[in-house]
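Engineer: from the sequence below, what's the structure:
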Amino acid sequence: MGAALCVGLQLLAPGTAFAATSIEFELSGTFGEGVMVSYNGPDGSFPVDTVGLPWSTAFDYDGDAQSLVFSGSHPGGDAGSVTCRVKVNGRVAVSRTNNSPKIAGTGAVCHLLRSGSTYVGN
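Structural biologist: Residues are numbered from 1 along each chain as shown. Next up, the predicted model:
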């Protein structure tokens with residue numbers, strides 16, 4: 001019923017530190033409720049929740065993950081769309097939209113990859 005995500009985290013050598021990166025994750029689309037959201041959280045957690053659209057969260061991330069994953073999915077039954085957008089330090093890094101006229105689930109996934117001291121969309 002929900003989306004399955006595979007998240008790979010590559011850790012850096014001990015003692016490697018990064019300045020906090022401002023992350024804003026937004027979901028929008030045609031579904032008013034019942035959208036499952038999951039993402040890499042600020043403390044290394046992976047929150048999963050069911051929300052209505054539009055929805056957003058913002059936090060400062062100072063972890064050392066080489067990639068971060070953000071997704072929103074609707075389990076299906078209705079045609080519609082889901083858009084995920086991730087801003088890094090106030091600028092849109094990645095935006096994806098999935099439109100679906102079919103019964104299967106509708107979802108959008110946004111990936112960020114570390115590039116030097118910040119993250120870029122993939």
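
Engineer: quick check: closest non-adjacent residue to Thr50.
Structural biologist: The spatially closest residue to Thr50, leaving aside those adjacent along the chain, is Met36, at 5.5 Å (Cβ to Cβ, 6 or more residues apart in numbering). (Glycine included, C-beta is placed from N, CA and C.)

Engineer: against Gly80, how distant is that neighbour?
Structural biologist: 14 Å (Cβ to Cβ, to the nearest Å).

Engineer: again with Ser38
Structural biologist: From Ser38 to Gly80 the distance is 19 Å (Cβ to Cβ).

Engineer: need the residues touching each of Met36 and Gly80.
Structural biologist: Here Met36 and Gly80 have His74 as joint contacts, going by Cβ atoms under 8 Å, 6 or more residues apart in numbering.

Engineer: where in this structure is pLDDT low?
Structural biologist: By pLDDT under 70, the low-scoring segments of the chain are 1-18, 77, 100-105.

Engineer: what about the helices in it?
Structural biologist: Ranges of helices in the chain, per DSSP state H: none exist.

Engineer: which residue is nearest the middle of the protein?
Structural biologist: In the chain, the residue lying closest to the centroid (Cα atoms, centre = their mean) is Phe70, at 1.3 Å.

Engineer: beta partners of that one?
Structural biologist: Beta-bridge partners of Phe70, counted by DSSP bridges, are Tyr39, Cys110.

Engineer: ditto for Ser95
Structural biologist: Residues in beta-bridge contact with Ser95 (DSSP bridges): Arg85.

Engineer: surely it touches Phe70?
Structural biologist: No. Using Cβ atoms under 8 Å, Ser95 is not in contact with Phe70; the gap is 10.7 Å.
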